[in-house]
Every structure is written in structure tokens, then in C-alpha cells.
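> just to be clear, the model below is a prediction. Sequence and coordinates:
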Amino acid sequence: MKKYFYFLSFLLLLVSCTEDVRFNNPAFQTLKDNAFWRAQVYGAGTESSGFFTIEGSLGYEKIKFQILEPEEKTYVLGINNNTKAVYKNTYKGQEAEFSTGTDIGNGEIVVTEYNTVDNTISGTFKFTAVNTSSDAEKQTMHFSEGVFYKIPVTSGGDFVPVNN
């Protein structure tokens, strides 16, 4: 009788186990001041200004990267205005913009894959951006452990940023 009980228990255990696997593909996420942040809308492409843009947005919040071209390499932030990261919150009453630029902020954007066949781009990022308003209470914002994975790239020069 014990054998049947153990067999039924084992069978019940096997049947009740399920794998709840979720794939986050594509993804744009980071730790914003040590709080998890994941974009709901994302895209990449060349804007009419000629810069290549990678961006993700969550409601009224948007993170935007500007680079000269989508090459697989490390882009250092805080050196010039050609390569920069911008965080913007457009919620009424909480409007804020933090940016890197020439001698402003620091960090890096690492493009690990630019797939021209599937038109996607992937990479990692981390940066500290400075508030564009000098009289604001919060002067810096930190982003760490950032990942953008298989973000769809709009071909041609007609990319329109999300939530303009």
C-alpha cells in the first residue's frame, strides 16, 4: 500500500508542476534610482536630424538615446552633444528633464547587436543625467543595469519618436 501512496504522490507532484516562462522580447528596462522601470512602448531609427535614436516610454516617462550611427560599440556619455541620453517626465505638475551632454552627466551606451536582417538593435546602458532646470530640487538621476533587447528599428530617415 505504501508503494501506491508514494507512486500517486509522485504522480500528483509531476502533474501539478508547470512552467510559467515569460519571454521579454523585445525589452527596454533599467533601474531608475534603484527602482525597476520597464518601457511599454519602444522603437529606434534615424530621425530627420540625422541622429540615430533608441527610446522607450512608460506612460508620461521617456528615455531616449541619441547616437551618430548604430554600430556595435561603446558610446561614452558626457563628452559631447552628439551622443547623449535624455530622461523626460511630461506628467502635469511633475515635469522634469534630465540629460547628458558636453561635460554634463556621464555613463555609457553599449550596442551589442545591430541586426540589419531583422531590423533590431540590442545593448546595455548606464548613466547619470543632470536636471536641465538648475533650480529644481532633484539635480541628478541615476540609471543602472539598463538593457534594450531586440528593439525594432524603423528603416529610412522617417523615425518619429514615441510620445513627442
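Now that the structure is in, tell me what you want to look at. Owing to the predicted nature of the structure, the values given are computational and were not obtained by experimental measurement.
> ok, Glu69 - how many residues close by?
Burial of Glu69 is recorded as 12 neighbouring residues (other Cβ atoms under 10 Å). The way it works is simple: take the backbone N, C-alpha and C, and place the C-beta from them, glycine included.
> ranking helices and strands of the protein by mean pLDDT, which lands last?
Lowest on mean pLDDT, DSSP states H and E among the helices and strands of the chain sits helix 2-16, with a mean of 56.
> which element follows that one toward the C-terminus?
Remark: after helix 2-16, the chain's next helix or strand is strand 27-32, criterion DSSP states H and E.
> what's that next one packed up against?
strand 35-38, strand 52-58, strand 140-154 (3 or more Cβ pairs under 8 Å, 6 or more residues apart in numbering; DSSP states H and E).
> need those in TSV (columns: distance to Asn106).
Formatted as TSV, the helices and strands packed on strand 27-32 follow (distance: least, Cβ to Cβ, whole Å):
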stretch	distance to Asn106
strand 35-38	19
strand 52-58	18
strand 140-154	10
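> possible to save those strands as CSV with mean neighbour count and distance to Ile109?
Converted to CSV, the helices and strands packed on strand 27-32 look like this (neighbours: other Cβ atoms under 10 Å; distance: least, Cβ to Cβ, whole Å):
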stretch, mean neighbour count, distance to Ile109
strand 35-38, 12, 16
strand 52-58, 22, 8
strand 140-154, 18, 9
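> roughly how far apart are the nearest residue to Ala136 once chain neighbours are set aside and Ile79?
Sequence neighbours aside, Ala96 is the residue nearest to Ala136 in space, at 6.7 Å (criterion: Cβ to Cβ, 6 or more residues apart in numbering). Remark: distance between Ala96 and Ile79 (Cβ to Cβ, to the nearest Å) = 23 Å.
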